[in-house]
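A.B. asks: give me a 3D structure for the following:
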Amino acid sequence: MSIKPKKGFSFLIRPLVVGIDLVALCLGAYFLLYPSSNYLYFGYLISGWLVGASIVKFYEVYRFTTIVKILGYCVKQTLVMLLLTFAYLGIVKLHNISSIEVLKFVLIVMSAISINKFLVYAALRKYRLLFNGNNRSVLVIGHTKQTKELVSFFDRKRNLGYQISGAFTEDSDDNFNNGFKFLKENRIDEVYCAVNENGDDLVNDLVNYCESNGIVLKFVPDVERIPVTNLQTDYYDYIPVLSVPKMPLHFQANIILKRIIDIILSLLIIVGILSWLIPLLFIIIKLESKGPLFFIHKRNGVNYGEFWCYKFRSLKVQKEHDKLHVSKEDDRVTKIGRFLRKTSIDELPQFFNVLLGDMSIVGPRPHIPRYTNAYARKIDKYQFVFRHSVRPGITGLAQVRGYRGEVQSDADIIGRIRHDVFYIENWSILMDFKIIFDTFILLFKGQEKAY
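C.D. replies: Numbering: from 1, shown residues only. Below you'll find the predicted structure:
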C-alpha cells in the first residue's frame with residue numbers, strides 16, 4: 001500500500017500568491033518610503049508580514065471561504081501592517097517620515113494585495129467553471145439529510161471545484177462498506193462521511209486509511225444529534241462540516257521550513273566534520289579489514305520508495321547474510337566498527353542522504369525493505385503506512401526513547417511505530433531540536449542497544 005500522489009499544480013498557488021505579495025510589499029516600501037527603507041527594514045517587513053499573516057490566517061483561504069471572510073482577513077492584515085510600520089519607525093527614530101506617508105504606504109500596498117487576492121479567488125472560480133480544472137475529487141458516504149444536501153450543494157456550486165466521484169447516500173446498510181471499497185479503488189481527494197451512522201471501529205478504519213493515504217476526511221454531522229463545536233467546523237451554505245485537523249507536516253510551509261533546516265545542518269556537518277573524518281576513517285578502516293569505506297544498502301523512504309542509504313562500514317565484508325540486524329556479541333563487527341556503532345559515528349554519512357533529499361535529520365528511522373512487510377504484519381497496517389508519509393530520519397523520537405537497533409520482540413517494533421506516529425502527529429521545530437539535543441546527550445551517555 002502506498003500514499004496516492006496528488007495531481008496537478010494546485011499546491012503551487014498559495015506559495016506563488018505569497019511570493020507576489022512579498023514583492024509588492026518590498027516595491028511599495030522602496031518607492032513610497034524611500035530613502036527611509038533599507039535592507040534591515042525589508043527583512044523586518046517580510047518577517048513581520050509572514051508572522052502577522054500566520055496569526056490572522058491571511059492565507060487560510062479555501063474554495064469554500066466566503067468573500068466576507070476574505071475581506072475580514074484583509075482588514076486584519078492592514079491593521080497588522082500599520083502596527084509593524086509605526087513600531088519600526090518609532091524604534092529607529094526616523095522623524096522624516098510622517099504618519100500620512102505611512103498611511104499612504106500601507107493603504108496603497110494593502111489595496112493592491114487585496115485586489116490581487118480577490119482576483120485570484122475569482123479567477124480560480126471561473127477557471128473551475130469554464131475549464132473544469134483545479135478540481136477536488138469527492139466521495140460522500142452516509143444516508144442523512146445533511147449528506148444529501150451536501151451532494152446537491154456540490155452540484156450547484158460547480159465553481160468551487162468539487163467533483164463528486166462517488167455518493168453512497170441511499171437507505172442501505174452497505175453504504176459505508178461500499179463507500180470504503182470505492183475509496184480504495186479510486187483516486188479520491190476528500191471524503192465526507194456521516195459519522196453517526198457507523199460504528200466506532202468502522203470510523204476508525206476510515207480515519208486511519210485517510211490519514212495514511214493523504215486523503216482529507218471531513219465528517220458531516222447530524223446537527224440534531226451531534227454537537228458541532230468540538231471539532232473544526234466549516235459551513236457550505238448552511239451545512240456544517242466537521243474536519244479532522246491536518247497533521248503539522250501536512251502543511252507546505254512546515255515541510256519547506258524543515259527542509260531548509262535539513263540542508264543547512266547537513267552542509268555544516270559535511271563541510272565541518274565529514275570533510276576530514278572521511279579520509280581519516282578510510283585509513284583506519286582499511287588497515288583493519290579489507291573492503292569499502294562505506295556500507296551502502298537499500299532502505300524504504302517516503303511512500304515506500306527505495307533509496308541507497310550510506311553508513312561507514314563497521315562489519316567485515318562477507319557474502320549476503322540472512323541476518324541483517326547486528327546483535328550484541330556479533331562477530332561480524334570490527335574493532336573500529338564497534339566504536340563507530342557505539343558512538344553512532346557510522347551514521348554520519350547519512351547527512352549526504354539528507355542533502356540529497358532522501359532523508360531528514362529527524363524522522364522515523366528507515367527500514368530495510370525485506371523487513372518492511374514483516375513489520376507491517378505485526379502492527380496496525382495504517383499506522384505503518386502513515387510513518388512512511390514523511391522523510392525518514394537519521395535520528396528520531398523512537399530512537400531517543402530507546403527503540404533503536406535490533407528488534408528482539410514485537411513490543412520493540414510496536415513501540416517504535418507508536419513513537420513515530422506520535423512524532424508525525426505532533427511535530428514542531430522545537431521537537432526536532434529537542435530530539436537532536438537528546439541524541440547528542442545519548443552519544444555521551446550511551447544506549448543499551450548501541451552495538
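A.B. asks: okay, now the unreliable bits of the stretch 151-300 of the chain?
C.D. replies: Residues of the stretch 151-300 of the chain meeting the criterion pLDDT under 70: 195-200, 223-232, 238, 242-245.
A.B. asks: mind running it again at 50?
C.D. replies: 227-229 (pLDDT under 50).
A.B. asks: where do the helices sit along it?
C.D. replies: 175-185, 200-212, 252-269, 275-288 (DSSP state H, counting those that start in this stretch).
A.B. asks: how about the strands in this protein?
C.D. replies: 136-141, 162-168, 190-193, 216-219, 232-236, 239-243, 294-300, 306-312, 360-362, 393-395 (DSSP state E).
A.B. asks: what does the first one contact?
C.D. replies: Taking contacts as CB atoms under 8 Å, 6 or more residues apart in numbering, the residues outside strand 136-141 that touch it are 63, 147, 150-151, 154, 161-169, 175-176, 179-180, 182-183, 186-194, 220. In short, each C-beta sits where N, CA and C put it, glycine included.
A.B. asks: swap in the third one?
C.D. replies: Among residues not part of strand 190-193, those counted as contacts by CB under 8 Å, 6+ apart are 136-142, 147, 150, 162, 176, 179, 183, 203, 206, 210, 215-220, 241.
A.B. asks: tell me which of the strands of the chain is the most buried.
C.D. replies: Counting by mean count of other CB atoms under 10 Å, strand 360-362 has the highest mean neighbour count of the strands of the chain, with a mean of 27.
A.B. asks: what pLDDT, on average, does that strand get?
C.D. replies: Across strand 360-362, the average pLDDT comes to 95.
A.B. asks: so how far is Leu293 from the residue minimising distance to the centre of the chain?
C.D. replies: Nearest to the geometric centre of the chain sits Leu249, at 2.2 Å (CA atoms, centre = their mean). Separation of Leu249 from Leu293 (CB to CB, to the nearest Å): 34 Å.
A.B. asks: likewise for Lys69?
C.D. replies: 59 Å.
A.B. asks: try Val317
C.D. replies: Counting by CB to CB - Val317 and Leu293 are separated by 12 Å.
A.B. asks: those two - which one has more neighbours?
C.D. replies: Between Val317 and Leu293, counted using other CB atoms under 10 Å, the more crowded position is Leu293 (16 against 12).
A.B. asks: excluding its backbone neighbours, what's nearest the more buried one?
C.D. replies: Phe282 (4.9 Å; CB to CB, 6 or more residues apart in numbering).
A.B. asks: count the neighbours of the one you found for me.
C.D. replies: 14.
A.B. asks: and the closest residue in space to Cys26 that isn't next to it in sequence, what pLDDT?
C.D. replies: Leaving aside its sequence neighbours, Cys26 sits nearest to Phe42 (CB to CB, 6+ apart; 5.7 Å). For Phe42, the pLDDT comes out at 86.
A.B. asks: what about Phe42, how many neighbours?
C.D. replies: Neighbour tally, Phe42, other CB under 10 Å: 15.
A.B. asks: likewise for the one 3 residues further on?
C.D. replies: The burial metric for Leu45, expressed as a neighbour count using other CB under 10 Å, is 22.
A.B. asks: separation between it and Phe105?
C.D. replies: 10 Å.
A.B. asks: list residues touching both of those two?
C.D. replies: By CB under 8 Å, 6+ apart, the residues touching both Leu45 and Phe105 are 29, 85.
A.B. asks: any buried residues in stretch 203-216, and which?
C.D. replies: By neighbour count on 16 or more other CB atoms under 10 Å, the buried set for stretch 203-216 is 203, 205-216.
A.B. asks: what does stretch 389-405 give?
C.D. replies: Counting neighbours by 16+ other CB under 10 Å, the buried set in stretch 389-405 is 389-400, 403-405.
A.B. asks: tell me the least confident of those residues?
C.D. replies: Confidence-wise, Gly405 trails the rest of the buried residues of stretch 389-405, at 64.
A.B. asks: phi first, then psi, for Ile97.
C.D. replies: Backbone torsions of Ile97, given as degrees, to the nearest 10, read phi -110, psi 120.
A.B. asks: report pLDDT for it.
C.D. replies: For Ile97, the model assigns a pLDDT of 76.
A.B. asks: isn't it right up against Leu32?
C.D. replies: No: contact between Ile97 and Leu32 fails when scored by CB atoms under 8 Å: they sit 9.9 Å apart.
A.B. asks: quick one: the residue lying farthest from the centre of the chain from Lys148, how far?
C.D. replies: Going by CA atoms, centre = their mean, the residue of the chain most distant from its centre is Asn96, 45.3 Å out. Going from Asn96 to Lys148 by CB to CB gives 64 Å.
A.B. asks: so Cys210 sits against Phe219, correct?
C.D. replies: No: counting by CB under 8 Å, Cys210 stays clear of Phe219, with 11.0 Å between them.
A.B. asks: what ranges in the stretch 351-451 of the chain fall below the confidence cut-off?
C.D. replies: Judged by pLDDT under 50, the stretches of the stretch 351-451 of the chain that qualify are 451.
A.B. asks: swap the cut-off to 70 and go again
C.D. replies: 371-384, 405-410, 446-451.
A.B. asks: helices of that one, start to end?
C.D. replies: Under DSSP H, counting those that start in this stretch, the stretch 351-451 of the chain gives helices at 369-376, 381-386, 397-400, 410-425, 429-445.
A.B. asks: would you list those helices in a markdown table and tack on distance to Ile113?
C.D. replies: A markdown table is the format used below for the helices of the stretch 351-451 of the chain (distance: least, CB to CB, whole Å):
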| stretch | distance to Ile113 |
| --- | --- |
| helix 369-376 | 47 |
| helix 381-386 | 37 |
| helix 397-400 | 40 |
| helix 410-425 | 34 |
| helix 429-445 | 27 |
